[in-house]
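In: With the input below, show me the fold.
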Amino acid sequence: MLQTGMFRSKWWMVAAALVALTLNTGVVQSFALAVFIVPVTQDLGISRAEFLGAPLVGSVVFLLVTMPLFGKALDRYGLRVVHMLMIAGFGVSTMCLAFLRPPFYAMVLLFMLQHLFSAGQSPIAYTKAVAAWFDKDRGLALGIAIAGVGLGVAIIPPFDNYVIVHYGWRAGFVGMGAAILVLALIPVFLFEREPPIPPERARPKNDASVPGYLWSEAVLKDWRFAAMTFTFFLAPIAINGTITQVVAMLTDRGLPLSVAVGALSASGIALTVGRILSGYCLDKIHGPYVAAFFFAASGIGIALLAAGHLPFIGVILCGAGIGGEVDLMAFLVSRYFGLRCFGAIYASMFTLFSLGVGLGPFLMGLAHDKFGSYVPMMMVNIGFIVVMCGLLLVLGPYRFGVRESPRAPALAPAE
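Out: Residues are numbered from 1 along each chain as shown. Coordinates of the predicted model:
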């Protein structure tokens with residue numbers, strides 16, 4: 001961990017998170033995995049449903065076990081050791097996917113192993129670190145850090161495709177696992193700092209000196225947690241669900257495949273820009289207003305896609321909405337529930353968010369199979385966005401606003 005010279009600046013931690021999150025869980029287990037579908041199924045002689053069903057079953061471990069426990073562990077035992085162990089496990093377990101082969105249960109076990117460590121490359125630990133060290137510029141710092149997700153969508157699948165074409169799909173998994181160790185573990189080791197708030201085990205029992213709610217106070221007793229959790233559960237159902245079907249939707253309407261893929265790429269750019277822009281706005285404007293604005297923009301985008309008008313504009317607006325999801329969630333958790341149990345509270349909310357990410361594409365596909373069109377589900381999605389905006393606008397003032405001092409905690413004794 002570098003402690004001297006220019007590397008003491010807390011913005012290096014933001015840069016490290018930006019780089020590390022290019023290989024976040026969503027990119028590795030969704031966008032990048034899509035590149036492996038054809039070569040793996042052809043080589044192993046299995047169906048696509050069988051191949052994709054294995055990580056789906058394995059994700060139960062991620063949603064029900066790993067994610068909640070990871071957040072609690074960060075709060076109780078500290079950030080760096082827990083985080084680095086999880087990243088290392090995620091990288092090595094991704095390499096182990098090179099051993100994939102039938103039967104189905106064997107593939108499920110390998111994906112379960114990967115999902116056991118996948119929370120380490122979710123945004124939870126990164127947002128906990130950034131939120132703890134930044135106060136006045138917290139929104140911008142979170143936006144820049146999580147912009148790495150959008151960059152990963154653009155960079156990692158082509159990287160995997162290159163390795164697969166030249167060396168085979170098994171080398172592709174090894175290469176992706178090695179990339180996690182290089183691009184995530186090393187930057188975290190060098191630049192991530194323990195939050196200025198001591199972990200729970202280092203504080204007296206029932207210590208109230210650290211501002212923030214206990215997990216039980218936020219999750220079980222505060223209606224704002226329920227409102228925010230429901231909002232961020234609906235968001236990926238409506239927005240991610242629509243975006244994932246854009247290529248199929250546009251080609252069904254007669255557009256060339258190259259144009260449809262170009263539209264999807266445009267959403268990735270909008271996603272990255274949306275994260276940084278929403279983060280900047282969060283430091284200037286009340287957070288729920290910023291969130292409602294970006295989600296409303298996505299609603300307009302979905303409406304344009306449903307109507308068949310200006311599809312590129314529609315896709316870009318949806319991408320901007322995706323760009324505001326995760327950092328908005330982290331920022332609002334920090335402002336309404338404080339940093340005392342940020343990891344556990346954010347992880348609980350992120351678990352439902354992750355469920356929505358998987359549910360959105362399924363519901364869109366189900367609507368297409370039943371009605372022969374995505375439009376009915378897209379109209380439901382617009383309704384979801386109206387509900388989301390309404391819930392955000394009644395959250396009220398922050399419980400834990402910007403501290404009076406404009407200076408965030410120093411990373412070292414004196415900068």
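
In: quick check, distance from stretch 95-115 to the centre of its chain.
Out: Distance of stretch 95-115 from its chain centroid, counting by CA atoms, centre = their mean, to the nearest Å, is 23 Å.

In: Please identify the buried residues of that stretch?
Out: For stretch 95-115, burial by neighbour count (16 or more other CB atoms under 10 Å) applies to 95-98, 100, 107-108, 110-115. Just so you know, the C-beta spots here come from the backbone N, C-alpha and C atoms, and that holds for glycine as well.

In: May I have that stretch exported as CSV, CA atoms only?
Out: Output of stretch 95-115 as CSV, limited to C-alpha atoms (Å, rounded to 0.1, in the frame of the first residue of the first chain):
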residue,chain,number,x,y,z
MET,A,95,-9.7,-19.6,-13.9
CYS,A,96,-11.2,-22.9,-12.7
LEU,A,97,-14.0,-22.5,-15.2
ALA,A,98,-11.4,-23.8,-17.7
PHE,A,99,-12.2,-27.2,-16.3
LEU,A,100,-15.9,-27.0,-17.3
ARG,A,101,-17.3,-30.3,-18.7
PRO,A,102,-20.5,-32.4,-18.3
PRO,A,103,-22.3,-33.6,-16.3
PHE,A,104,-24.5,-30.6,-15.4
TYR,A,105,-23.9,-30.9,-11.7
ALA,A,106,-20.2,-30.6,-12.2
MET,A,107,-20.6,-27.3,-14.1
VAL,A,108,-23.0,-26.0,-11.4
LEU,A,109,-20.4,-26.7,-8.7
LEU,A,110,-17.7,-24.8,-10.6
PHE,A,111,-20.0,-21.8,-11.1
MET,A,112,-21.0,-22.0,-7.4
LEU,A,113,-17.4,-21.7,-6.5
GLN,A,114,-17.1,-18.6,-8.6
HIS,A,115,-20.2,-17.1,-7.2
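
In: got the contact list for Asp160?
Out: Asp160 makes contacts with 32, 35-36, 172, 175-176, as judged by CB atoms under 8 Å, 6 or more residues apart in numbering.

In: I'd assumed it was in a strand, is it?
Out: No: counting by DSSP: H, G, I helix; E, B strand; the rest coil, Asp160 is located in no strand; its state is helix.

In: what's the spacing between it and Ala34?
Out: Separation of Asp160 from Ala34 (CB to CB, to the nearest Å) stands at 9 Å.

In: coming back round to it: adding secondary structure, write the contacts of Asp160 out as JSON lines.
Out: Formatted as JSON lines, the contacts of Asp160 follow (three-state DSSP):
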{"residue": "Ala32", "secondary structure": "helix"}
{"residue": "Val35", "secondary structure": "helix"}
{"residue": "Phe36", "secondary structure": "helix"}
{"residue": "Gly172", "secondary structure": "helix"}
{"residue": "Gly175", "secondary structure": "helix"}
{"residue": "Met176", "secondary structure": "helix"}
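
In: Show me which of those is closest to Gly338.
Out: The closest of these to Gly338 turns out to be Ala32 (CB to CB; 35.1 Å).

In: right, and the closest one touches Ile156 too?
Out: Yes: contact status for Ala32 versus Ile156: in contact at 5.0 Å, counting by CB atoms under 8 Å.

In: Now the common contact residues for these two.
Out: Joint contacts of Ala32 and Ile156 (CB under 8 Å, 6+ apart) are Met176.

In: out of those two, which sits in the more crowded spot?
Out: The residue with more neighbours, out of Ala32 and Ile156, is Ala32; 25 against 21, by other CB atoms under 10 Å.

In: Any regions of the stretch 1-150 of the chain where pLDDT drops low?
Out: 1-8, 61-62 (pLDDT under 70).

In: Alright, that wraps it up for me.
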